[in-house]
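In: Kindly generate the corresponding structure for this input.
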Amino acid sequence: ATHLWDVACGLHQDRNERQAYTRAINILHEHLSTLVQQRFPDARLGVYGSCLSDLSLGKSSDVDLSLDFKRAREVKDQF
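Out: The predicted model follows:
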């Protein structure tokens, strides 16, 4: 029975760590988006990759960001 308790506590801790990791990514995204949009109002910063899924390795995982400029998309679409 102790083993099952240890497993349950470990799963709970993993869930709490995952939630904290997700909150940290969201805060990072919000802060960086604000800075980018102050300088480039038509730019949008996106988060993608394993950091948004359960495939990430947690604290040792990177955060993938994309920077999209509306004007660059318009020029690309002309070709």
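In: Return the distance of the residue nearest to the spatial centre of the chain relative to residue 41.
Out: Central residue check for the chain by Cα atoms, centre = their mean: the C-alpha nearest the mean position is that of residue 25, 4.4 Å away. Computed as Cβ to Cβ, to the nearest Å, the residue 25 to residue 41 distance reads 24 Å. The way it works is simple: take the backbone N, C-alpha and C, and place the C-beta from them, glycine included.
In: Please identify the buried residues of stretch 40-56?
Out: 43, 45, 47, 51, 56 (16 or more other Cβ atoms under 10 Å).
In: Kindly report the same for stretch 61-77.
Out: Using 16+ other Cβ under 10 Å as the test for burial, stretch 61-77 gives 63, 65.
In: got the contact list for it?
Out: Applying Cβ atoms under 8 Å, 6 or more residues apart in numbering, the external contacts of stretch 61-77 come out as 25, 28-29, 32, 36, 40, 42-51.
In: again, only using 6 Å
Out: Judged by Cβ atoms under 6 Å, 6 or more residues apart in numbering, the contacts made with stretch 61-77 from elsewhere in the structure are 25, 42, 43, 44, 45, 46, 48, 49, 51.
In: Report the two of the residues you listed separated the most.
Out: Farthest-apart pair in the contacts of stretch 61-77 is 42 and 51; separation 25.1 Å (Cβ to Cβ).
In: So which of the contacts of stretch 61-77 are in strands?
Out: The strands in this structure, assigned by DSSP state E, contain 43, 44, 45, 46, 48 from the contacts of stretch 61-77.
In: Can I get the residues you listed in JSON lines including distance to residue 21?
Out: Converted to JSON lines, the ones in strands among the contacts of stretch 61-77 look like this (distance: Cβ to Cβ, whole Å):
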{"residue": "43", "distance to residue 21": "26"}
{"residue": "44", "distance to residue 21": "23"}
{"residue": "45", "distance to residue 21": "19"}
{"residue": "46", "distance to residue 21": "18"}
{"residue": "48", "distance to residue 21": "16"}
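In: from those residues, which is closest to residue 18?
Out: Using Cβ to Cβ, the shortest approach to residue 18 within these belongs to residue 48, at 17.7 Å.
In: For the closest one, give me its contacts.
Out: Going by Cβ under 6 Å, 6+ apart, residue 48 touches residue 64.
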